[in-house]
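Engineer: starting from these lines, generate the structure:
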Amino acid sequence: MAAMFLTIPTLMTCTRIVAIPLIVGVFYAPFDAATRNLVATVMFIVFAATDWLDGYLARKLNQTSAFGAFLDPVADKFLVCASLLVLVHLQRTDVFVALIIIGREIAISALREWMAHLGAGKSVAVHMLGKLKTTAQMVAIPFLLYDGRLFGMIDTGVWGQVLIWVAAVLTVWSMVYYLQKALPEIRARVTH
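Structural biologist: Okay, here's the model as predicted:
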């Protein structure tokens, strides 16, 4: 049983959960604001990259597991939600955006769990809208954490705001899509 917890991919997934207090802690460190922003941004990017890497290694090393499949999206959601809360605290994003994204994550996770319980998990499988939403937020968050000029040209604060709102719109759109996909199955179960 312990072997499933000690695989390299699972340990990498756990680093995303460990990253949360580290990223939060950076903003309490005795550095100047620009250094805190840079360190938090680099940490977020490095830890977020483990999402791709742990999946790749799990397949490559033949270390896939049900526990890893469960933990991976949980770690992603923790990292994103914690980062959004930090950005709200720093007043770099609107609380409304954070509520939309976090609320959707909770709702869709619950929907997927319920649909899996009903044996209809495939009806709410990951769709391109969800992937686009994830891409937009995973670019927006480090931009907002950095909150400065990148290469002296790109105002990451402005672009981060645009992208986080795009992510919020895609969040609602993808949630509606998943609910529509699940609705026939839900109706069939309720009427029987």
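Engineer: need the strands for this structure, in chain order.
Structural biologist: Taking DSSP state E to define them, one finds strands in the chain at 149-150, 154-155.
Engineer: save those strands as TSV, and put in mean neighbour count, mean pLDDT and distance to residue 31 too.
Structural biologist: Glycine gets a C-beta too; all of them are placed from N, C-alpha and C. Formatted as TSV, the strands of the chain follow (neighbours: other Cβ atoms under 10 Å; pLDDT from 0 to 100; distance: least, Cβ to Cβ, whole Å):
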stretch	mean neighbour count	mean pLDDT	distance to residue 31
strand 149-150	12	86	19
strand 154-155	13	90	22
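Engineer: distance to residue 38 added to those, as a markdown table?
Structural biologist: Compiled in a markdown table, the strands of the chain are given as follows (distance: least, Cβ to Cβ, whole Å):
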| stretch | distance to residue 38 |
| --- | --- |
| strand 149-150 | 11 |
| strand 154-155 | 15 |
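Engineer: closest one to residue 13 among the ones you listed?
Structural biologist: strand 149-150 (28.8 Å; Cβ to Cβ).
Engineer: which residues sit against that closest one?
Structural biologist: 155-156 (Cβ atoms under 8 Å, 6 or more residues apart in numbering).
Engineer: could you shift the numbering so residue one becomes 46, and keep it that way?
Structural biologist: Yes, from this point I'll number from 46; that puts the last item at strand 194-195.
Engineer: mind checking how far that strand is from the chain centre?
Structural biologist: Relative to its parent chain, strand 194-195 has a centroid offset of 24 Å by Cα atoms, centre = their mean, to the nearest Å.
Engineer: hey, C-alpha coordinates of stretch 141-152 in PDB?
Structural biologist: Presented in PDB, the C-alpha positions along stretch 141-152 are these (Å, rounded to 0.1, in the frame of the first residue of the first chain):
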ATOM      1  CA  PHE A 141     -15.900  37.900  -8.000                       C
ATOM      2  CA  VAL A 142     -13.500  36.200 -10.500                       C
ATOM      3  CA  ALA A 143     -12.000  34.100  -7.700                       C
ATOM      4  CA  LEU A 144     -15.500  33.100  -6.500                       C
ATOM      5  CA  ILE A 145     -16.500  32.100 -10.100                       C
ATOM      6  CA  ILE A 146     -13.400  30.000 -10.600                       C
ATOM      7  CA  ILE A 147     -13.300  28.400  -7.200                       C
ATOM      8  CA  GLY A 148     -17.100  27.800  -7.100                       C
ATOM      9  CA  ARG A 149     -16.900  26.100 -10.500                       C
ATOM     10  CA  GLU A 150     -14.100  23.800  -9.400                       C
ATOM     11  CA  ILE A 151     -16.100  22.700  -6.400                       C
ATOM     12  CA  ALA A 152     -19.300  22.300  -8.400                       C
END
